[in-house]
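# take a look and give me a structure for this.
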Amino acid sequence: MPDEFIYPEAISSDVLKQLFEEAYMEVTVDTDGDLIVKDNYRCYLRPDADGRLISIYAIFGASPTAAQAEKLAYVNRVNDQVKMIRASVSANGKFFYDYYLSVEGGISKRSIVMAVRRFFSCLGSALHEDNANVVT
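All right, here's what the predicted structure looks like:
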C-alpha cells in the first residue's frame, strides 16, 4: 500500500472501505454506514461528518451473572493498564471500547490501517484483563 496522504474532506465510509480492501482486510458496511473491520476481533469505524476524526470502537456483551461492581472494576483495570483505548460499560450493560484517530492536517493511509491493527492489539490486551469472566 503506498503511503499516500488523505485529508479530512476526503474521508468517507467508501474511501475507508477501499483503503481496508487494499490492505487485504475483511471489511463491510452496516446499515448505519459504519465500517465493520474483522481480524481476530470485529471493530467499527465511523468518520465524523467533517472527516476530522475517525471513531474506532468495539462492543462486547457482558456475562448475565456479572455484578455492576465487577464490570466497573474490569473497565477501571483496562483503563489503567491498557492506555491506548478507553473502556466503559454502556447503559445497556455491554462493554464499549473506543479510540479516536485524528485526521486533521492529513494522515497517511498506512497510519489509518496501522491504527486499526493497534486497536485490535489493545483490544486483545483489554480482554486479557478480564480475570473475573465478565466479558462474553
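
# next one: the residue nearest to residue 8 when sequence neighbours are not counted from residue 116, what distance?
Spatial nearest neighbour of residue 8, chain neighbours left out: residue 51 (3.6 Å); criterion: Cβ to Cβ, 6 or more residues apart in numbering. Just so you know, the C-beta spots here come from the backbone N, C-alpha and C atoms, and that holds for glycine as well. Note on residue 51: its distance to residue 116, by Cβ to Cβ, to the nearest Å, is 17 Å.

# of the two, which one has the most company?
A direct count of neighbours by other Cβ atoms under 10 Å for residue 51 and residue 116 places residue 116 higher, at 25 against 17.

# does the residue nearest to residue 8 count as helix, strand or coil?
coil (DSSP: H, G, I helix; E, B strand; the rest coil).

# show me what contacts it?
Counting by Cβ atoms under 8 Å, 6 or more residues apart in numbering, residue 51 touches 7-12, 103.

# could you export stretch 97-107 as PDB, CA atoms only?
Extracted C-alpha coordinates of stretch 97-107, given in PDB (Å, rounded to 0.1, in the frame of the first residue of the first chain):
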ATOM      1  CA  TYR A  97     -14.000   0.100  23.800                       C
ATOM      2  CA  ASP A  98     -13.100   3.100  21.700                       C
ATOM      3  CA  TYR A  99     -10.300   5.100  20.200                       C
ATOM      4  CA  TYR A 100     -10.400   8.300  18.200                       C
ATOM      5  CA  LEU A 101      -7.900   8.900  15.300                       C
ATOM      6  CA  SER A 102      -7.300  12.500  14.300                       C
ATOM      7  CA  VAL A 103      -7.200  13.200  10.500                       C
ATOM      8  CA  GLU A 104      -6.800  17.000  10.900                       C
ATOM      9  CA  GLY A 105      -3.900  18.200   8.700                       C
ATOM     10  CA  GLY A 106      -3.900  14.900   6.800                       C
ATOM     11  CA  ILE A 107      -2.900  11.400   7.700                       C
END
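
# distance from the chain centre to it, please.
Offset of stretch 97-107 from its chain centre (Cα atoms, centre = their mean, to the nearest Å): 11 Å.

# turn the contacts of residue 51 into TSV, columns for secondary structure, neighbour count and distance to residue 96.
Converted to TSV, the contacts of residue 51 look like this (DSSP: H, G, I helix; E, B strand; the rest coil; neighbours: other Cβ atoms under 10 Å; distance: Cβ to Cβ, whole Å):
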residue	secondary structure	neighbour count	distance to residue 96
7	coil	13	29
8	helix	18	25
9	helix	10	29
10	helix	11	28
11	coil	22	22
12	coil	12	24
103	coil	23	22
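
# thanks a lot, see you next time.
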